[in-house]
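[1] Return a 3D structure for these sequence lines:
(one chain, ligands or ions: 1)
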Amino acid sequence: MISAQGIEKQFGDLKVLKGVDLTVKQGEVVSIVGPSGAGKTTLLQILGTLDKPNSGSVFINDTEIQSLREKELARFRNENIGFVFQFHQLLPEFTAVENIILPALIAGKNKSKSEKKAREILNFLNLKDREHHKPAELSGGEKQRIAIARALINDPDVVFADEPTGSLDSKNQEELQKLFFSLRDEFNQTFVIVTHDLHLAHLSDREIKMKDGIVI
Ligand code: ADP
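    Numbers count the residues shown, from 1 in each chain. Prediction:
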């Protein structure tokens with residue numbers, strides 16, 4: 001599903017990624033772990049097409065990311081990639097369902113069909129009774145699950161998550177950990193997760209350890 005070769009990234013004089021190779025199979029839950037400053041988020045941003053490497057290439061399902069022009073890339077990203085961040089980044093004035101369907105509307109999909117799908121996902125996430133709630137009316141764990149629902153609305157090939165459990169208490173962390181694996185088991189969903197949550201990392205199919213810009 002994902003193949004990255006020879007990824008290098010530099011910010012000014014600082015070499016942050018020094019030649020990273022990595023592959024991820026469909027249906028794998030892969031964690032990227034390592035100390036702060038190792039380059040994990042930078043790698044995730046490059047794999048997720050949000051940033052460009054200085055050299056190297058990224059393929060997602062046979063599409064070479066570097067070959068896409070800006071507009072094609074924006075469409076590819078919206079339709080094929082889901083994102084979950086440490087802080088949910090839901091829009092405060094929108095309800096749960098309205099937040100979830102945004103990427104579908106951007107992709108030009110039908111609103112009522114998207115809402116129906118959002119409700120199915122909410123059902124799977126045990127959040128059926130929260131669809132009309134706004135973010136301020138939801139708990140931290142619920143907000144993060146809504147963010148996951150939003151990441152899933154366009155049936156992405158892969159979901160990239162950056163510290164998805166980082167802002168949660170241990171009970172909610174555990175629930176979210178389980179959720180990644182139930183989505184993988186049920187829908188063969190692929191996840192690449194940057195995390196300091198060692199329990200989540202150990203549960204993963206594979207842990208990729210990074211240090212000083214390389215995979216160790
Ligand atoms: P990690 O996720 O492993 O903590 P990051 O990928 O966030 O590591 O950062 C790696 C290094 O790159 C850090 O030293 C960070 O300060 C630097 N860095 C990250 N993004 C930028 C940027 N946009 N501009 C300059 N330096 C950056």
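
[2] mind listing what's buried in stretch 206-216?
    By neighbour count, with 16 or more other CB atoms under 10 Å as the criterion, the buried positions of stretch 206-216 are 207-208, 210, 213, 215. For glycine as for every other residue, the C-beta is placed from the backbone atoms N, C-alpha and C.

[3] try stretch 134-153
    For stretch 134-153, by 16+ other CB under 10 Å, it's 134-135, 138, 141-153.

[4] ditto for stretch 180-188
    Under the neighbour-count criterion of 16+ other CB under 10 Å, stretch 180-188 has 180-181, 183-184 buried.

[5] ok, now stretch 43-57?
    43-49, 53, 56.

[6] Name the residues that touch that stretch?
    Counting by CB atoms under 8 Å, 6 or more residues apart in numbering, stretch 43-57 makes contact with 2, 4-10, 17, 19-20, 22, 32, 42, 58, 60, 64-66, 73, 76-77, 81, 83, 160, 162, 192, 194, 210, all of which sit outside it.

[7] what do you get for stretch 73-88?
    With contact meaning CB under 8 Å, 6+ apart, stretch 73-88 is reached by 48-50, 60-61, 63, 65, 68, 103, 106-107, 135, 143-144, 146-148, 150-154, 156-164, 166-167.

[8] wait, isn't residue 114 in contact with residue 153?
    Yes. Counting by CB atoms under 8 Å, residue 153 is a contact partner of residue 114 at 6.8 Å.

[9] what packs against the longest helix along the chain?
    Identified as the longest helix of the chain according to DSSP state H is helix 170-187. Contact here means 3 or more CB pairs under 8 Å, 6 or more residues apart in numbering; DSSP states H and E; on that basis helix 170-187 packs against strand 29-33, helix 140-152, strand 190-194, helix 198-203.

[10] Tabulate the ones you listed (JSON lines), appending distance to the ligand and mean pLDDT.
    Supplementary listing: the helices and strands packed on helix 170-187 in JSON lines, determined by distance: least, CB to the nearest ligand atom, whole Å; pLDDT from 0 to 100:
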{"stretch": "strand 29-33", "distance to the ligand": "8", "mean pLDDT": "97"}
{"stretch": "helix 140-152", "distance to the ligand": "19", "mean pLDDT": "93"}
{"stretch": "strand 190-194", "distance to the ligand": "6", "mean pLDDT": "97"}
{"stretch": "helix 198-203", "distance to the ligand": "13", "mean pLDDT": "93"}
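
[11] All the strands of this structure, residue numbers only.
    With DSSP state E as the criterion, the chain has strands at 2-11, 14-24, 29-33, 55-60, 63-64, 81-84, 158-162, 190-194, 206-211, 214-215.

[12] of all the buried residues of stretch 206-216, which two lie farthest apart?
    207 and 213 (17.5 Å; CB to CB).
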